[in-house]
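Enquirer: Pasting the sequence and the predicted model now:
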Amino acid sequence: MSTDDVVITVTDTTAPEVVCTTDLASLTPANSEMTLVEIYVEATDLCARPEDLELLIVQIESSEPDDASGKSDGTTTGDTNGQDGHSAPVDVTGNFAFNELTASFEGSVLLRAERDKKGSGRTYSITAWVRDTQGNPAQTSCVVVVPKSGGGGKGKGKNK
Ligand SMILES: [Ca+2]
Ligand SMILES: [Ca+2]
C-alpha cells in the first residue's frame with residue numbers, strides 16, 4: 001500500500017439481523033424431566049462476517065415460578081438450566097459457541113418439562129443480544145413452551 005492510497009471509511013450504522021431458533025418448540029410430556037434444548041442464534045450483518053459478530057448475552061426467563069407452593073407444578077427447583085428463571089432471567093451465554101458450519105452461535109441448555117397443572121402452560125423465553133463490529137446491538141427472542149395439555153399419551157382422557 002502506498003501512502004497516497006485513498007482511505008475509504010465505511011461507517012456501519014445498521015444493526016445485525018438476528019434470528020433465534022430451537023430444536024424443540026415444546027416440551028412434552030410434562031414429566032418434570034430436565035430436557036436438553038439446542039438454541040441457535042443466527043446473525044448476519046451488512047458489514048461484518050457472522051464470525052466477527054459478538055454474542056453479548058443469551059438469557060432465559062420462565063413464565064412460572066420455579067416451585068410454586070403446592071404440588072400442581074411439582075416440587076422441583078432449578079427448572080431453567082439449573083436455576084430459578086422466574087425471579088430473574090438466567091444468563092446462559094457461557095453455553096454458546098460459534099459454529100462455522102452453520103455460521104450460527106449454538107448452545108445447549110436444560111429446561112424442565114414442567115408446568116403448573118392449574119395454569120395455562122409454561123413459556124421459557126429466550127432472549128439473545130448480538131453486536132456488530134461497530135457496536136450496533138440487535139435483539140431477538142424465541143420461546144420453548146410446555147403446553148397445558150397434550151403429549152400425555154397415556155390415555156388420560158379427562159377434560160374437566
Ligand atoms: Ca410446587
Ligand atoms: Ca419446578
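Expert: Okay, I see it. Ligands and ions are numbered 1, 2, ... in the order given.

Enquirer: surely Phe98 meets Asp52?
Expert: No. The pair Phe98 / Asp52 is not scored as a contact, 9.7 Å apart, by C-beta atoms under 8 Å. All C-beta spots, glycine's among them, are computed from the backbone N, C-alpha and C.

Enquirer: Of those two, which one has the most company?
Expert: Each of Phe98 and Asp52 has its neighbours counted (other C-beta atoms under 10 Å); Phe98 has more, 17 against 11.

Enquirer: Just list what the helix or strand where that one lies packs against, helices and strands only.
Expert: Phe98 belongs to strand 96-99 when assigned by DSSP states H and E. On a contact count with 3 or more C-beta pairs under 8 Å, 6 or more residues apart in numbering; DSSP states H and E, strand 96-99 meets strand 54-62, strand 104-112.

Enquirer: The same query, at a cut-off of 7 Å, please.
Expert: In terms of contacts (3 or more C-beta pairs under 7 Å, 6 or more residues apart in numbering; DSSP states H and E), strand 96-99 is packed against strand 104-112.

Enquirer: check contacts around Cys47.
Expert: Val10, Asp12, Asp132 (C-beta atoms under 7 Å, 6 or more residues apart in numbering).

Enquirer: 8 Å instead?
Expert: Cys47 makes contacts with Val10, Asp12, Thr14, Asp132, Thr133, Gln134, as judged by C-beta atoms under 8 Å, 6 or more residues apart in numbering.

Enquirer: Mind jotting down where the strands sit in the chain?
Expert: Ranges of strands in the chain, per DSSP state E, are 17-22, 34-44, 54-62, 90-91, 96-99, 104-112, 122-131, 137-146.
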